[in-house]
Structure formats: structure tokens, C-alpha cells
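Colleague: sequence first, then the predicted structure:
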Amino acid sequence: MSQTITMTELPRRQTVTEKPIARPVARKQRTWHEADAPYTFANDDLEWERLNGVHRAIKEYLGNRVTLAPIEDLLPAPKKILELGAGTGVWATDVANMFPDATVTAVDISFNNIRNPPRNVVLKQLNLLEGFPFEPESFDIVHMRFLLVHMPNFPDLIKKCSAALRPGGLLLLEDIDQNLYSVDGDVPDSIKTFYKHYHGHMAKSGVDGETGAKIEGVLHGLNQFSEIHVHNMPAPISGPYTDDPKLNKMGVEMRKSLGKAYDGIWGKMPSSGLTQEIHDNMIRDAHDHDRKIYMDFYWTWARKAEKEPETQTLYQQAWSWWEYLVETGWWILGY
Ligand SMILES: C[S@@+](CC[C@H](N)C(=O)[O-])C[C@H]1O[C@@H](n2cnc3c(N)ncnc32)[C@H](O)[C@@H]1O
């Protein structure tokens, strides 16, 4: 005997399936910021854990330092520090504690994980694609880590940061080439496929996922710096297999980071062609210890040139003298 069931009588589980499912559901449900920006990484606890873990690993690699540049020697008493794309605020917090007399302005699209920052950290919620409200030559130090690799037209952001830096100030740019490679060239197809989709999607918004190596060239092009330094760190992702224990540890952390950063990302970029399967295959092969897979990290820092004292032309010097004589009335003596 057939039975008619109206919608209201259907069990709850079935009615739920009637809603359109906008995106595939990741194993852990991820959340993302809602700002109008191409940034694809999540803004949830797993992401904060990842960013803090990488920060700790970087400090250990650098011998308990927050950056490669000898900032304490070059600028022992900075007053104004700007950090863009501050994430959990972990760098801004460390630097604020290092320089208690400085004000550290930490900028991000969203700040749902900075709790109890030191009193000298100022949080500024801002989508950098919608404005750059900082005075020219107003900061002693400007820092960006893992931001340029997510930003459309990254050279333009470097240019704006340089303009916001005072002469003699330090620009600290730390980023990766968002790609995996092997020294013998044997990169598994799974990795190539993942990055083909990822970079293809990001390129539509003007994001270059391989910025790390290009930062130095952009800085030279600006022609505003008296010194530019670059340190390339190839992190051994599927390691440990280098002779440097610190580098091996960095590789382990970057491997963990890879698993967390991209987990569920296909939900944020449904038109990219990325799927959970493509992701899982990439992660599996990036963890394959028999392959020596690396990701490049670049520490770049530059010092803005001091202003040259203005030199006057002969004509300008003669004119200044004439004005001086007229003002003081000495020309009357000529009569
Ligand atoms: C990969 S995280 C790096 C966080 C931090 N710099 C670190 O090293 O731990 C990039 C950060 O940049 C922020 N971000 C991305 N696009 C942005 C934009 N258009 N304006 C401001 N912040 C942005 C993200 O919200 C995220 O917190």
C-alpha cells in the first residue's frame, strides 16, 4: 500500500538534503574571512595553530630571532613599526615586547585570533586592496611575511610600503615561492596538477604565487635602497635529509604547515578545478620521504637610502647671494 508523505512529515535529515550544497565539505569544516580579496587560506583555529607553529620554527631556525635583519643593531630604538597581514599577531607581539617604546601597527583583514596584544600594539582591520592609509616616510620598520604571495600586483604593495618607510628605515619582506620542486627535477604529477589548478585560479585575480624569488628584483627596480639582502632557505619538505638539523626541523614544520594550509581549500575556490582528491594526492607525494621535495623561502630585507643633502646649481647659488644682498641693503653701498 502506498503512503503519501508531506514535506513536514519528512525526517529532518532528508529535508536538509533539499538545500543546495554550495561547496564540497572538507574533513574539518574550515572558515574564511569575508572580505573582498583573493586570499584563500582559512581563518580558523587550525590556521592560527599553523601560523604560530611556523613562527616558532622560524625563530628557532634564526637562533631565537624574529627576522634575519640585525634590526637591534641598525635601529636600536624604532618608534613606529608597521606589520601588514599580521595573522595571529605573533610577530607584532614579539616585536612590541622587544621594543616597548615603539608603537607596532598590526594590519589584517580579520583579527579574530589576536587576544590580549601588548599595550603598544595597535590593531587595524583593513583590506589592503581597498586602501593604504599610511603617511609617507612615517615608519621606521615595515614588515610583511607570507602576504605578498597572496596579493594581486605584489610589486605595487612593495612600492607603497617603501613610500611609507622613512629614509634609513628597514623593509622586511619574508615570503615563499608557493610551489614544490625536487633537485633532481622529479616532481610527481600530483604536485604539478595541484599547483596548476591553484596558480591558474589565483592568476585570474592577479596573484603571483611565486613571489619569493622576485622580491629582490622589485626592490632593485625601485632604486630607493642603500642595501638589499636576500637569504634563500630551501625547506626540505619530505625530509629530513639535509646536513643542517635546523633546516630539517624547518622542513618538518613546513610539511605540517602544507597539510593545514591547503586542507579544505577547494571549498574556498570551487571554480579552480581543485578537488579533495587532487589535494590528497599532492600531500601524499609531498610527504614521500624517498623524494627530496623542497619549498623555497626567501628572507629579504632592505634599508631605505638616506636623503642626499640638496646641491645647488651655480645659478641657484648666485641668486641666493643676490637675494641676500638685496635683503641686507648692501647694494646701496654700490652707489
Ligand atoms: C599566510 S597569513 C600570514 C600571517 C602572518 N604574517 C604570519 O607570518 O604568521 C596572511 C595574512 O594576510 C592577511 N591578508 C590577506 N589578504 C589581505 C588583504 N587584502 N588585506 C589585509 N590583510 C590580508 C590574511 O588575513 C592573513 O592573516
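Modeller: Received it, and whenever you're ready, just let me know what you need. Numbers count the residues shown, from 1 in each chain.
Colleague: contacts only, for Val122.
Modeller: Contact partners of Val122, counting by C-beta atoms under 8 Å, 6 or more residues apart in numbering, are Thr103, Val104, Thr105, Ala106. Backbone N, C-alpha and C define where each C-beta goes, glycine included.
Colleague: wait, Arg145
Modeller: Gly85, Trp91, Leu172, Glu174, Asp175.
Colleague: nearest to the ligand, of the contacts of Val122?
Modeller: The ligand has its nearest neighbour among these in Ala106, at 9.3 Å by C-beta to the nearest ligand atom.
Colleague: how many other residues sit next to that closest one?
Modeller: The number of residues packed near Ala106 is 28, by other C-beta atoms under 10 Å.
Colleague: how about residues contacting the helix or strand that contains it?
Modeller: Secondary structure from DSSP states H and E places Ala106 in strand 103-108. Residues outside strand 103-108 that contact it (C-beta under 8 Å, 6+ apart) are 79-87, 89, 92, 95-96, 114, 117, 120-126, 128.
Colleague: neighbouring strands - and their directions - for that strand?
Modeller: strand 80-84 (parallel), strand 121-125 (parallel) (DSSP bridges).
Colleague: mind checking which of the ones you listed is nearest the ligand?
Modeller: Ranking the strands paired with strand 103-108 by proximity to the ligand (C-beta to the nearest ligand atom) places strand 80-84 first, at 6.6 Å.
Colleague: still on that earlier bit, out of the contacts of strand 103-108, which are close to the ligand?
Modeller: When contact is defined as C-beta under 6 Å from any ligand atom, those meet the ligand at Gly85, Ala86, Gly87, Leu126, Leu128.
Colleague: the second one reaches Ile114, doesn't it?
Modeller: In other words, Ala86. Yes. Assessed by C-beta atoms under 8 Å, Ala86 is found in contact with Ile114 at 7.4 Å.
Colleague: the more surrounded of those two?
Modeller: Applying other C-beta under 10 Å to Ala86 and Ile114 shows that Ala86 carries more neighbours, namely 28 against 19.
Colleague: for Arg255, what are its contacts?
Modeller: Ile237, Ser238, Gly239, Ala286, His287.
Colleague: where does Phe146 fall, phi/psi-wise?
Modeller: phi 60, psi 30 (degrees, to the nearest 10).
Colleague: gap between it and Glu306?
Modeller: 30 Å (C-beta to C-beta, to the nearest Å).
Colleague: can you show me the helices along the stretch 51-200 of the chain?
Modeller: Secondary structure of the stretch 51-200 of the chain (DSSP state H, counting those that start in this stretch): helices at 71-74, 90-98, 154-164, 189-203.
Colleague: TSV for those helices, including mean pLDDT, distance to Ser138 and mean neighbour count?
Modeller: Putting these into TSV (pLDDT from 0 to 100; distance: least, C-beta to C-beta, whole Å; neighbours: other C-beta atoms under 10 Å) gives the following:
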stretch	mean pLDDT	distance to Ser138	mean neighbour count
helix 71-74	97	18	14
helix 90-98	97	17	21
helix 154-164	98	6	19
helix 189-203	97	31	18
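Colleague: hang on, the earlier thing: buried subset of the contacts of Arg145 as a PyMOL selection?
Modeller: Buried residues among those (16 or more other C-beta atoms under 10 Å), as a PyMOL selection:
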select buried, resi 85+91+172+174+175
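Colleague: so Lys307 touches Pro167, yeah?
Modeller: Yes. Look at Lys307 against Pro167 with C-beta under 8 Å: they come within range, at 5.0 Å.
Colleague: the more surrounded of those two?
Modeller: Pro167 (13 against 10).
Colleague: spatially, which two of the contacts of Arg145 are the most separated?
Modeller: For those, the farthest-apart pair by C-beta to C-beta is Trp91 and Asp175; their separation is 13.4 Å.
Colleague: need the ones next to the ligand among the contacts of strand 103-108 in JSON lines (columns: pLDDT).
Modeller: Shown next, in JSON lines, are these (pLDDT from 0 to 100):
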{"residue": "Gly85", "pLDDT": "97"}
{"residue": "Ala86", "pLDDT": "96"}
{"residue": "Gly87", "pLDDT": "95"}
{"residue": "Leu126", "pLDDT": "95"}
{"residue": "Leu128", "pLDDT": "98"}
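Colleague: all set, thanks.
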